[in-house]
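In: Give the three-dimensional model of this entry:
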Amino acid sequence: MSVTNWREEYQKKLISAEAAANMVKSRDRVVFTAGREAFSIGMALAARLGELKDVEVHVPSPGYDFGWYDEGWDEAFKVSIGIPTGVSQAAVDAHRVDFQFGMMYPFQYNPAERPPDILLTEISPPDDKGYCSFGASLWNKKQHIRQARVVIAEVNANLPRTYGDNFVHVSEISYFVEHKSTGGAPGAGSLAGRELKKPEPYLTDIAGYVNSLIRDRDTIQIGVGRTTEPLVRLGLLENRHDIGYHSEATPSGIISLVREGVINCKYKTVNPDKVIVTSLGGGTKEEMDWAANNPMFHLVDVGYLEDIRVIAAHENMVAINNCLAIDLTGQIAAETLGKRQLSVAGGQIPFVFGALLSRGGRSVTVLPSTAQGGMVSRIMPVLPEGTVVTVQRNCAYDVVTEFGIAHLFGKTIRERAQELIAIAHPDHRAALTKAAREMYWP
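Out: Residues are numbered from 1 along each chain as shown. Model prediction:
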């Protein structure tokens, strides 16, 4: 396609947000791509409350509150999400929205899944060859574009252009809508859409313990979460050198460490000299500007990033993830407590397995020792009824709280219980010891 042709095609496909929303019919399936939602189109669609009925809306990672998480919207919009965030947690708790785990991370297309009637995504303006960037967030957008009947892209000039398999041509998009600025990023704060808070003091202790488990020339992954994300700024990689990076995203501080040369990926056995992610984020504006158009940051499809075979091919792969609770045998719960859905497994499962299959690899699970102001121990004799086990106890490796490191891999159940009790909060150790003796000692 010539330069003139793609420019003409782009202009012919340019429509208003209202026109885009008017394409949606009752009982259609409308899917937002993972990462930032197409804001202007989403607002125009929400404005059709009262006109539409039984529209299936799937939002993989809610960042904006379009209204449909509130009561009284379910007749028009049947909403499902991929991860609970600040704007959607109340709706998840009240069961006003459905939950579809795994949709953000398909390694192969499931032919039984109904493809979107309309897919909504966000892109940068086209370059001089007609290619648009997905900005700081790729995930599985290209795969979804191939599956959808109609693809409507919101064009946001504020998105950075990034390297990697992170572009789409004008010819692959059905319609374009110009973005209207909202004055801020969705869910400004953590990578999971939560408001950033001052790190708790215990996180510095956790960062120090995890630091002792990382060696020079390791390749690391850091999961999204309240416990893992602050660790980089708190000294996770202090006095470490030649670190590699292969992870979903970039928590605050990662981009600066790349800039300083601490993370240089020189000794990675897969994609050497490249920071491999599916999403950039968590940095200051200065950090994000430095990462934009920087060939060292390589965005790839999540199906490649989280392929266990790719992860395991890295030597000395270290997976660092958080959880909600763990029992005395090493069962790790990172999704629910009881029947309450609080998070998702995300990439934790493939990274844990991949790290354990890696030559020299390790898996590290971090968690605060307590919850509810110290009243509840997160290290438990047994998990509450209904709790989903994210990582089987057979795959539990190292566990870290602010009180130390429990080395679980290869240990007996009694040894595991002793290791975990030693890193529990002192106020709860006696009760845990009593429960362990009743369950695991004659």
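
In: how close does Lys180 sit to Phe39?
Out: Per C-beta to C-beta, to the nearest Å, Lys180 is found 7 Å from Phe39. Any C-beta I mention is one placed from the backbone N, CA and C, and that applies to glycine too.

In: more neighbours, those two?
Out: Phe39 (21 against 12; other C-beta atoms under 10 Å).

In: Next one, pLDDT for the more buried one please.
Out: In this model, Phe39 is scored at 96, pLDDT.

In: from memory it sits against Val177, does it?
Out: No - checked against C-beta atoms under 8 Å, the pair Phe39 and Val177 is beyond contact range at 10.0 Å.

In: what touches both of the two?
Out: By C-beta atoms under 8 Å, 6 or more residues apart in numbering, Phe39 and Val177 have these common neighbours: Glu154.

In: Could you give the number of residues near Phe77?
Out: Phe77 has 22 nearby residues by other C-beta under 10 Å.

In: what do you get for Glu238?
Out: 12.

In: Same question for Val97.
Out: 25.

In: Model confidence at it, what's the number?
Out: 94.

In: One more: the one 10 residues further on?
Out: According to the predicted model, the pLDDT of Phe107 comes to 44.

In: just the one 10 residues further on next, same as before
Out: According to the predicted model, the pLDDT of Asp117 comes to 95.

In: Now it. Nearest residue, chain neighbours left out?
Out: Leaving aside its sequence neighbours, Asp117 sits nearest to Asp28 (C-beta to C-beta, 6 or more residues apart in numbering; 4.3 Å).

In: I'd guessed that neighbour sits against Ile118; true?
Out: Yes - with contact defined as C-beta under 8 Å, Asp28 and Ile118 form a contacting pair (6.2 Å).

In: quick one, which of these two is more surrounded?
Out: Ile118 (24 against 17).

In: Now do the contacts for the more buried one.
Out: 23-24, 28-31, 148-152.

In: For those residues, which single residue is the most surrounded?
Out: Result: Val30 is most packed of the contacts of Ile118 (other C-beta under 10 Å), 27 neighbours.

In: Just want the phi and psi numbers for that one.
Out: Dihedral pair for Val30: phi -110, psi 130, per degrees, to the nearest 10.

In: Check what pLDDT it gets.
Out: 97.

In: check contacts around it.
Out: 24, 45, 55-58, 116-120.

In: Sort out for me which of those are in helices.
Out: Leu45 (DSSP state H).

In: Out of the contacts of Val30, which comes closest to Leu367?
Out: His58 (29.9 Å; C-beta to C-beta).

In: Next one: that closest one from Ile220, what distance?
Out: For His58, the distance to Ile220 - C-beta to C-beta - is 31 Å.

In: between these two, who's got more neighbours?
Out: Ile220 (26 against 20).

In: Pretty sure the more buried one sits in a helix.
Out: No - looking at Ile220 with DSSP: H, G, I helix; E, B strand; the rest coil, it is strand, so not inside a helix.

In: Apart from its neighbours in sequence, what residue is nearest it?
Out: Per C-beta to C-beta, 6+ apart, closest to Ile220 is Val318, 4.8 Å.
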